[in-house]
Structures are given as structure tokens and as C-alpha cells.
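Engineer: could you look at this predicted model? Sequence included:
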Amino acid sequence: MKLNKNTGYGLFITCVVIISMAWQFVCPLHATEYKIMTEELRPFGYLEDNQIKGLCVEIVREVLKIVDHPDKIVIYPWKRAYHDIQHNPNLILFSMGRNEARESLFKWVGPLVANTTYFYKRRGSAIHIRSLKDARLVKRISVRENYFTHTLLKARGFNNFELTRDEILDLRKLDLGRVDLIAQGELSLKSMCAKAGVDYQNIENTGVKLFDSKLYMAFSKDTPLAEIEKWQKALEAVKQKPVFRIIINKYIGS
């Protein structure tokens, strides 16, 4: 059969489409590879002996196994990582507290763990508080500048704080009696004391709770919902495995 020019062109296009579809079936597109960031904050993530370790780091690594994603976690300063994930695609940042102000900025997978922040004082201190109202009346509360705790205290009418660049300085100032209170998460307190060179037994929980925080993996805002669902299901699967409790016990005890 003799083909005219138009018929030949149509057959050519049809063949191209068929071959393209077949190739996609045989060789599916690679899944998106994310840059995965965390900060130096014990026990959730930290660098030790040139290796990234930590409670949330190990949980995330179990998730990576399930979603078949390369283990390329990197430690970044929080300020830089928080800026980058708001302005670039295909980024993940953990361990991030989820709150109303941040809700629409990211897509969320979690929670990885829950952490409650209390006011702490130096054991033997004459400071006695029973409420947030009492805490507003003490002379000095040491907090990390521009961190969530600082922002929250300001929003709740506190103006009696001294600002530092990290929680290590908060603990050292409290231990030396230079401030009256600090606000610290209960899960991280013991390991932070060890890093600060402060005797954990010298720090006493006042029993006054500032907030509950659940720590999440935050994804760039434009991440497809299907991806979020995939990672969420993987995390839920990890939580059902014995390894999840093993990780928790390893860092904070049962």
C-alpha cells in the first residue's frame, strides 16, 4: 500500500508516542531526591565523631529506608536552614515544632516525638513559682534569642528575659545563679546539661509548663500531597516497629 505524506507522518508520530509510553513503563522516572537538614540540638540531632547522630535522626533514617531515599542528612545552622526551606523546593528540615504561625509555610510529616517545655530553676534556689503569672515576676529568665520560646514569652507578656545565642549558655547561667529560670524541653535537658558541663541534678523542674511541642519533618511548601502521604505512611510504619521504642529508650529512657 502506498502511503501519502500525511499518512506517513501520522504513523511516525504514533510510533513515537508508543515508544515513549513503553519506555516510561520499563524505566519509570526517579523519585524526587530531597536535601534533608537538621540542626545541632541534643538529643534530637548532633555531630559526634564526625557522624550525625540523635533521636530524631535515627527515626528519620528508618523512614528513609522505607521510602528508598538516600541517607544524606546534613547539619545546618537553624537560621540558615529555616530560611532556605521557605525559599527553595525539595527541602526537608527536622526537628521542627509545628504551630499556627508556621502551619501554612510548610508541608508536614509527623510527629516524630513529643516534647514538653517547662521552667527550670537551680536546685536550692529561693525561687518558687506555681504559674506563668509567677514566672513573669522573677527578675531574669534566660532564653535563646529569636527562638520559639523567646517569641512565645514575648507574646504572653514576658519582658524579664536575658537573651543568649544558645541553650548551653542558658544552662550555664542558671547553674552559676546568674538567672532565676530557664525554659527547656524535658527530653533534651539531660543531654544539654552534659554538653554544658552542668550537673543534671543541680537543675530542678518547677512544674510550671510553658508549652507542649510535637516535633515534625517540615517539607518545602510546594511538595506534592502524594509525597507527603508517602512519607507519613512510612513514619507510621516505623512507629509500629520494635526499632522505634529501641531508639526512644536509647536517648531518653523508657
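Structural biologist: On my side now, so go ahead.
Engineer: now the strands for the stretch 51-200 of the chain?
Structural biologist: 51-53, 73-75, 91-97, 107-122, 141-144, 161-164, 181-185 (DSSP state E, counting those that start in this stretch).
Engineer: quick one: which of the ones you listed is nearest residue 243?
Structural biologist: strand 107-122 (13.6 Å; Cβ to Cβ). C-betas here are computed from N, CA, C, even on glycine.
Engineer: the residue lying closest to residue 67 once chain neighbours are set aside: what's it in contact with?
Structural biologist: Setting aside the residues directly before and after it, residue 67 is nearest to residue 234 in space (Cβ to Cβ, 6 or more residues apart in numbering), at 5.0 Å. Residue 234 sits next to 63, 66, 67 when contact means Cβ atoms under 8 Å, 6 or more residues apart in numbering.
Engineer: tilt between the strand or helix carrying residue 234 and strand 91-97?
Structural biologist: Element membership of residue 234, judged by DSSP states H and E, is helix 225-239. Interaxial angle of helix 225-239 relative to strand 91-97 (axes from the mean of the first three to the mean of the last three Cα atoms, to 10 degrees): 50 degrees.
Engineer: what about residue 38, how many residues nearby?
Structural biologist: Neighbourhood size, residue 38 [other Cβ atoms under 10 Å]: 25.
Engineer: now this protein, which segments are flagged as low pLDDT?
Structural biologist: Along the chain, the model assigns pLDDT under 70 to residues 1-30, 253-254.
Engineer: not counting its neighbours along the chain, what's nearest residue 113?
Structural biologist: With Cβ to Cβ, 6+ apart, the residue lying closest to residue 113 is residue 215, at 5.4 Å.
Engineer: partner strands of the helix or strand harbouring the one you found, parallel or antiparallel?
Structural biologist: Here residue 215, judged by DSSP H and E, is contained in strand 203-219. Using DSSP bridges, the strands paired with strand 203-219 are strand 91-97 (antiparallel), strand 107-122 (antiparallel).
Engineer: how about the helix holding residue 234: buried residues?
Structural biologist: Neighbour-count burial for helix 225-239 flags 227, 231, 232, 234, 235, 238 (criterion: 16 or more other Cβ atoms under 10 Å).
Engineer: contacting residues for the first one?
Structural biologist: Shown in contact with residue 227 (Cβ under 8 Å, 6+ apart): 32, 219.
Engineer: how does it look with 10 Å?
Structural biologist: Residues near residue 227 by Cβ atoms under 10 Å, 6 or more residues apart in numbering: 31, 32, 34, 67, 90, 107, 109, 219.
Engineer: and residue 74, how many neighbours?
Structural biologist: 10.
Engineer: now it. Nearest residue, chain neighbours left out?
Structural biologist: residue 37 (5.7 Å).
Engineer: helix, strand, or coil at the one you found?
Structural biologist: Secondary structure, DSSP: H, G, I helix; E, B strand; the rest coil: residue 37 is strand.
Engineer: look up how far residue 187 lies from it.
Structural biologist: 20 Å (Cβ to Cβ, to the nearest Å).
Engineer: just to revisit the earlier point, including distance to residue 244, could the strands of the stretch 51-200 of the chain go into a markdown table?
Structural biologist: Converted to a markdown table, those look like this (distance: least, Cβ to Cβ, whole Å):
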| stretch | distance to residue 244 |
| --- | --- |
| strand 51-53 | 17 |
| strand 73-75 | 18 |
| strand 91-97 | 15 |
| strand 107-122 | 10 |
| strand 141-144 | 29 |
| strand 161-164 | 34 |
| strand 181-185 | 19 |
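Engineer: of these, which stretch is the most buried?
Structural biologist: strand 181-185 (a mean of 26; mean count of other Cβ atoms under 10 Å).
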